[in-house]
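Novice: Dropping a prediction and its sequence here:
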Amino acid sequence: MDSNHKFSPESLMMSYGYSPEWSEGAIKCPIFQTSTFVFKSAEEGKAFFEVAYGLREKGEAEELGLIYSRINNPDLEILENRLTLWDGAEDCAVFESGMSAISTVFLEFLHPGDVLLFSNPVYGGTDHFIKHILDKYGIEVIGFYPHQEKEEIMEMVKQSGKADKIAMVYVETPANPTNDIIDIEMCVELAKEYSTDERKTYVAVDNTYMGPLWQHPLKFGADLVLYSATKYIGGHSDVIAGACLGNKEVITRMKTMRTFLGNMAGPWTGWLLMRSLETLKVRMDKQAENAKAVADFLSLHPKIEKVYYLGYLEGKNKEIFDRQCEGAGAMVSFDVVGGEKEAFKLINRLKLIKLAVSLGSTESLIQHPGTMTHAGVSEEDKEKLNITPSLVRLSVGVENPVDLIHDLEQALSKMDA
């Protein structure tokens, strides 16, 4: 390629990191469905393992050789290289699920006696891991809320007496399912406050709601950015995967832990995600366009009490959004007039939009967070976070927006029946 021209990520998704000469001229990277790889010599095998196990640093021009698909695989490596382009990351580690990526971050960067400072709300699986799993490893947690200012959070931490033990600030922004927005730069400032010469406090951001297109946390000082790659990156409801991106140092740690936990993605997953990356921008642009049309319709409907859509933010939240986001996304949550009964009536009467708990796929999906994805969140926290019985979450797909609006309209019109 012309070295004087900087190609955009959506163009590089077609071929970056792969040469057809490696695979009999195949235009697309094939599936390397193998468990192990042959070494050219015993010396080569020794050199590969020295680097893989951290016995020595990799040479400047040296590549980590292929050993075993639990450690590395061509499909995985090419996928990881391509994913770095969207976020401007130095490196990437791909996992077999989003929760694999999240749990590996916690297990690698948190140790007994540490404290995790985290934002509320987070995805239900993450919420459970933070509140019910980490304590088994001697890790304490302190949660904060979107409305809290930096000074209020610091005072809360000070009152806990654990300011010297904060090892990570973990945030999900925009938050699932309320679209609450958290200031990433504020979180980076918090981490600096709690870092010492002996120990760095890391910032990890779950960027699933925005995908690699609409927000880039590393640019604002985050150390780790996480994705459920099942969502926009995969985008077709046919693969489970996760990803973690950052600089070489943190991702080397992640890949080393991944090797011994054995939660790497396989070649089929890598191949499927490479296929999906080719249409990522086209899909996400269309989803964002559709979401605005749907949100505008819902905001004017008399049976909808309130719409939670990033395009409607005001005041300080809008200032944060304008600074750190590059689009309003495709997630729309809203309160139905009434409660759970009315929310269920709406959901059950939809024809085109499907009832399912994922998001970011080509088809539009709707669900009831309070009784589904966030069923395990305490009633006290649900009340604080506005995860009410009337709240419905809609992931907008690539269908014709006229059809999506028609489906919602006909379902809403029958709610009194």
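Specialist: Okay, I see it.

Novice: Trp268 belongs to a helix, doesn't it?
Specialist: Yes. Checked against DSSP: H, G, I helix; E, B strand; the rest coil, Trp268 lies within a helix.

Novice: wait, it sits on Thr34?
Specialist: No. With contact defined as CB atoms under 8 Å, Trp268 does not count as touching Thr34 (11.9 Å). Heads up, the C-betas are built off the backbone N, CA and C, glycines and all.

Novice: Which parts of this protein are strands?
Specialist: Along the chain, the stretches classed as strands by DSSP state E are 91-95, 115-119, 140-144, 166-172, 202-206, 224-228, 242-246, 304-308, 331-336, 354-355, 365-367, 391-395.

Novice: I'd like these as JSON lines, with mean neighbour count and distance to Lys40 appended.
Specialist: Output for those, formatted as JSON lines (neighbours: other CB atoms under 10 Å; distance: least, CB to CB, whole Å):
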{"stretch": "strand 91-95", "mean neighbour count": "26", "distance to Lys40": "26"}
{"stretch": "strand 115-119", "mean neighbour count": "23", "distance to Lys40": "45"}
{"stretch": "strand 140-144", "mean neighbour count": "18", "distance to Lys40": "49"}
{"stretch": "strand 166-172", "mean neighbour count": "25", "distance to Lys40": "42"}
{"stretch": "strand 202-206", "mean neighbour count": "26", "distance to Lys40": "39"}
{"stretch": "strand 224-228", "mean neighbour count": "29", "distance to Lys40": "35"}
{"stretch": "strand 242-246", "mean neighbour count": "29", "distance to Lys40": "31"}
{"stretch": "strand 304-308", "mean neighbour count": "18", "distance to Lys40": "57"}
{"stretch": "strand 331-336", "mean neighbour count": "25", "distance to Lys40": "49"}
{"stretch": "strand 354-355", "mean neighbour count": "15", "distance to Lys40": "51"}
{"stretch": "strand 365-367", "mean neighbour count": "21", "distance to Lys40": "49"}
{"stretch": "strand 391-395", "mean neighbour count": "25", "distance to Lys40": "48"}
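
Novice: so can I have JSON lines of the ones you listed showing mean pLDDT and distance to Glu62?
Specialist: Output for these, formatted as JSON lines (pLDDT from 0 to 100; distance: least, CB to CB, whole Å):
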{"stretch": "strand 91-95", "mean pLDDT": "98", "distance to Glu62": "15"}
{"stretch": "strand 115-119", "mean pLDDT": "98", "distance to Glu62": "36"}
{"stretch": "strand 140-144", "mean pLDDT": "98", "distance to Glu62": "40"}
{"stretch": "strand 166-172", "mean pLDDT": "98", "distance to Glu62": "31"}
{"stretch": "strand 202-206", "mean pLDDT": "98", "distance to Glu62": "28"}
{"stretch": "strand 224-228", "mean pLDDT": "98", "distance to Glu62": "25"}
{"stretch": "strand 242-246", "mean pLDDT": "98", "distance to Glu62": "21"}
{"stretch": "strand 304-308", "mean pLDDT": "97", "distance to Glu62": "49"}
{"stretch": "strand 331-336", "mean pLDDT": "97", "distance to Glu62": "43"}
{"stretch": "strand 354-355", "mean pLDDT": "98", "distance to Glu62": "48"}
{"stretch": "strand 365-367", "mean pLDDT": "98", "distance to Glu62": "45"}
{"stretch": "strand 391-395", "mean pLDDT": "98", "distance to Glu62": "43"}
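
Novice: Alright, that wraps it up for me.
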